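*Asks:* here is my input; please provide its structure:
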Amino acid sequence: MPRKNCCKETIKLKPTLLGLILLLAGLPGSVFASNSTSLNESLSGYYAREGNDGSPAQAAGNNIYLRFFPERWLAILFLPYPAAQQVDSSTITRVFAAARAQTTSSAYLRGTFDLLEQKATLQIERYGYLEDRIVFECGSLAPCTIKLGDGYLELIKPGVINEHIIRYRHITAD
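*Replies:* Below you'll find the model as predicted:
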């Protein structure tokens, strides 16, 4: 008589790996341990994508800004191009603060935040640490990572064929 498998448990590899990555991302790490000023720089001001107000902004249709908040929150602001050219850095800082005050969890927000002429989109996510990088959910195939440098950061987005590395420069708050 053939044996019957009464246990139909299967392990789903992709959800297991994603869960493991997210678990590791939530554990405290040493991304800022080697250079304690990096954390202070990242919490002051924001980061602007290189290529804002240029051909990358024209192609994408927006300028992109990124800001870190205390308690491991990260916000990405998408300002419509070319209207973004008239927005100054103090307004961008206030938009980040106004949007962050609207939510206590991960969210996508769309609006003028009582500061802009056109509606902008803002994504707020939690981030964690994985070795020497910051990891967060960015809505792509796998989590995005951030590698901090002196006065800049590199956002590494996974792609189907290869990674996309987008450089952002640090803008201090006014």
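*Asks:* residue boundaries of the helices in the chain?
*Replies:* With helices called from DSSP state H, the chain shows them at 13-26, 36-43, 55-60, 89-101.
*Asks:* now the angle from the longest strand along the chain to helix 89-101?
*Replies:* When the chain is parsed with DSSP state E, its longest strand is strand 120-130. With axes from the mean of the first three to the mean of the last three Cα atoms, to 10 degrees defining the directions, strand 120-130 sits at 70 degrees from helix 89-101.
*Asks:* and strand 120-130, which residues are buried?
*Replies:* Neighbour counts over strand 120-130 (16 or more other Cβ atoms under 10 Å) mark 120, 122, 123, 124, 125, 126, 127, 128, 129, 130 as buried. (Each C-beta comes from the backbone N, C-alpha and C, glycine too.)
*Asks:* which other helices and strands does it contact?
*Replies:* Counting contacts by 3 or more Cβ pairs under 8 Å, 6 or more residues apart in numbering; DSSP states H and E, strand 120-130 is packed against helix 13-26, strand 73-80, helix 89-101, strand 107-111, strand 133-136.
*Asks:* tell me the average confidence for it?
*Replies:* Mean per-residue pLDDT for strand 120-130: 93.
*Asks:* relative to strand 73-80, how tilted is it?
*Replies:* Using the same axes, to 10 degrees: strand 120-130 against strand 73-80 is 150 degrees.
*Asks:* ok, strand 120-130: who's next to it in the sheet?
*Replies:* The strands beside strand 120-130 in its sheet (DSSP bridges) come out as strand 73-80 (antiparallel), strand 107-111 (antiparallel), strand 133-136 (antiparallel).
*Asks:* so how far is the longest one from its chain's centroid?
*Replies:* Meaning strand 73-80. Computed by Cα atoms, centre = their mean, to the nearest Å, the chain-centroid distance of strand 73-80 equals 8 Å.
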